[in-house]
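Participant: what shape does this take:
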Amino acid sequence: MNTLIIKLIVNTLSVFIAAWILGDSVALSGFGTAILVALVLAVFNVTLKPILVFFTLPATLVTFGLFLFVINALIIMAADALISGFYVANFWWALLFSLVLSVVNAMLFSLGDGGRRERG
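Facilitator: Residues are numbered from 1 along each chain as shown. This is a model prediction of the structure:
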């Protein structure tokens, strides 16, 4: 349960930071909206993403997994349509938001790791 809350907090911070980095092309109405976006993205990643990955498996294999960013962008566009305080200008900004979100998320999780994980 604690790890779920920590992941939600890190994902919320990642959404907030990524939206700040991309400026007016990706907008949040506030930190509460960032929490809602993180929750919706988590639910979509658990429910919708596996179905999309299954149906686009050939494209994912041919692009060595890079097509997963397209799937992430589609999920972000769906979150944009669902959440009124979250705005993404278009598909390309959603794709860039997906990339920035992944990098920021990885950086925040590595900071929180504190070197505990065995690297080798």
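Participant: run through the strands of the chain in chain order.
Facilitator: 26-28, 86-88 (DSSP state E).
Participant: in its sheet, what does the last one sit against?
Facilitator: Okay, so that is strand 86-88. strand 26-28 (antiparallel) (DSSP bridges).
Participant: average pLDDT across the partner strand?
Facilitator: Per-residue pLDDT over strand 26-28 has a mean of 95.
Participant: which among the strands of the chain is found nearest to Phe67?
Facilitator: strand 86-88 (19.1 Å; Cβ to Cβ). Glycine gets a C-beta too; all of them are placed from N, C-alpha and C.
Participant: need the contact partners of the closest one.
Facilitator: Strand 86-88 is contacted from outside by 25-29, 33, 36-37, 76-77, 79-80, 94, 97, using Cβ atoms under 8 Å, 6 or more residues apart in numbering.
Participant: again, 10 Å this time
Facilitator: The contact list for strand 86-88, computed with Cβ atoms under 10 Å, 6 or more residues apart in numbering, reads 15, 19, 22, 24-29, 33-34, 36-37, 40-41, 73, 76-77, 79-81, 93-98.
Participant: make a ChimeraX selection of the buried ones in those residues.
Facilitator: Typed into ChimeraX, the line below selects the buried ones among the contacts of strand 86-88, using 16 or more other Cβ atoms under 10 Å:
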select :15,19,22,26,27,28,33,34,36,37,40,41,73,76,77,79,80,93,94,95,96,97,98
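Participant: just checking, Ala27 touches Val15?
Facilitator: No - with contact defined as Cβ atoms under 10 Å, Ala27 does not count as touching Val15 (11.6 Å).
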